[in-house]
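Participant: I would like to see how this sequence folds:
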Amino acid sequence: MNIVELQQVEKSYQGVSALHQLNLELKQGEVLGLFGHNGAGKTTTIKLILGLIAATAGQVRVFGEDPTQSEARTLRRQLGFLQENVSFYDQLTGLEVLQYFARLKGIPKQSCHALLEQVGLSQAGKRRVKTYSKGMRQRLGLAQALLGEPKLLLLDEPTVGLDPIATQDFYRRIEQLKEQGCTVILCSHVLPGVEKYIDRALILGRGKLLAEGSVNDLRQQADLPATFHLQGDLTLPEHLAARANRDGRSMRLDVALQDKMTTMQQLIVLPGLENVDVHLPSLEDLYTHFIETHQVQEATP
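Facilitator: This next block holds a predicted model:
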């Protein structure tokens, strides 16, 4: 059984399409990166999965059930959600906030102390939230999302306000949850930070699916080149020199992905080569490619 399944899902607001025939299947333990500009349909997709709104057309299933139905309350206890702009009651302490949400979710409040420890707030648990920095509020939000050991975790810009060390700690926690079988949907605009932690990426543009698959799948779909950065006094073979851009002792060479290893073998034996770096299309490169291609297609009569 798929943890999340969307079949030909559409959502309209007052006649304006927010999602158009979206299909998605997520299995247990997968980490999906959900990407797109503002207004692309990411938040709408999350709200559909949470059962906060109903689809205009198509079918949404979470753990095999319709999340909008009243009998799906037990289903919601298996969900964890962290929204982008997290907000809590300023006059409550961090511990009181967690205990409040634990009661709402029907979870023993004894687990709250351990969660505060996990997110690095054990020393601040008895302080009022109004004294928390933005990063501390974000950590508290993550602790709230982790209440009850959810089987499905939805995170919208979870690292906003976190310093680099806290961000690394956060992604280590995501890896632990994945190993425990938790399925994660992660929205972020910081693409370099999430690339190595996701199994698949789904890129939306104005409510439409632009691309979906692993980073390697997207590289094949985009057909972007591998880029070699060369340093030294060297002369390239004629078939490579025609594609190279030289700047003094530095040189840039773009080749098709499938020719990467062959090109590397040809380069490393060249006299005068001092250094070579290879850049494969990153998630950020791929995202930009699919977004710009979609914009061109929309602008074409």
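
Participant: Where does pLDDT dip in the chain?
Facilitator: 70-73, 301 (pLDDT under 70).

Participant: following the host helix or strand of residue 264, which helix or strand comes up?
Facilitator: Secondary structure from DSSP states H and E places residue 264 in helix 260-267. Scanning forward in sequence from helix 260-267 by DSSP H and E, the next helix or strand is strand 273-279.

Participant: Now do the buried residues in the helix holding residue 264.
Facilitator: By neighbour count, with 16 or more other C-beta atoms under 10 Å as the criterion, the buried positions of helix 260-267 are 260, 263, 267. In short, each C-beta sits where N, CA and C put it, glycine included.

Participant: and if you look at stretch 284-298?
Facilitator: Under 16+ other C-beta under 10 Å, the buried positions of stretch 284-298 are 285, 286, 287, 289, 290, 291, 294.

Participant: and which of these is nearest residue 15?
Facilitator: residue 294 (22.0 Å; C-beta to C-beta).

Participant: show me the contacts for the closest one.
Facilitator: Shown in contact with residue 294 (C-beta atoms under 8 Å, 6 or more residues apart in numbering): 205, 206, 208, 210.

Participant: can you list the domains in the protein?
Facilitator: Following automatic domain parsing, the chain resolves into domains at 1-78+151-222, 86-149, 225-280.

Participant: Reformat those as TSV; add distance to residue 298.
Facilitator: Shown next, in TSV, are the domains of the chain (distance: least, C-beta to C-beta, whole Å):
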stretch	distance to residue 298
domain 1-78+151-222	8
domain 86-149	34
domain 225-280	25
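
Participant: Indicate which one of those domains is closest to residue 299.
Facilitator: Closest to residue 299 of those is domain 1-78+151-222 (C-beta to C-beta; 12.4 Å).

Participant: Next one: residue 168 relative to residue 162, how far apart?
Facilitator: For residue 168, the distance to residue 162 equals 9 Å [C-beta to C-beta, to the nearest Å].

Participant: Which residue, neighbours along the chain excluded, lies closest to the residue sitting furthest away from the middle of the chain?
Facilitator: Most distant residue from the mean C-alpha position of the chain: residue 271, 43.2 Å away (C-alpha atoms, centre = their mean). Excluding the flanking residues, the one nearest residue 271 by C-beta to C-beta, 6 or more residues apart in numbering is residue 234, at 6.6 Å.

Participant: can you check residue 7 too?
Facilitator: residue 59 is the one closest to residue 7 (C-beta to C-beta, 6+ apart), at 4.5 Å.

Participant: pretty sure the one you found belongs to a strand, no?
Facilitator: Yes - using DSSP: H, G, I helix; E, B strand; the rest coil, the assignment for residue 59 is a strand.

Participant: from memory it sits against residue 2, does it?
Facilitator: No - using C-beta atoms under 8 Å, residue 59 makes no contact with residue 2, being 11.8 Å away.

Participant: higher neighbour count, those two?
Facilitator: Taking other C-beta atoms under 10 Å, residue 59 and residue 2 do not tie; residue 2 has more neighbours (16 against 11).

Participant: the strands in the stretch 51-200 of the chain, which residues?
Facilitator: 57-62, 79-82, 152-156, 183-187, 200-205 (DSSP state E, counting those that start in this stretch).

Participant: In contact with residue 186, which residues?
Facilitator: The neighbours of residue 186, taking C-beta under 8 Å, 6+ apart as the test, are 31, 32, 33, 34, 155, 158, 174, 194, 197, 198.

Participant: Which members of the contacts of residue 294 are the farthest-apart pair?
Facilitator: Farthest pair in the contacts of residue 294, by C-beta to C-beta: 206 and 210, 9.2 Å.

Participant: So for those two, which sits in the more crowded spot?
Facilitator: Set residue 206 next to residue 210 and count neighbours by other C-beta under 10 Å: residue 210 wins out with 20 against 17.
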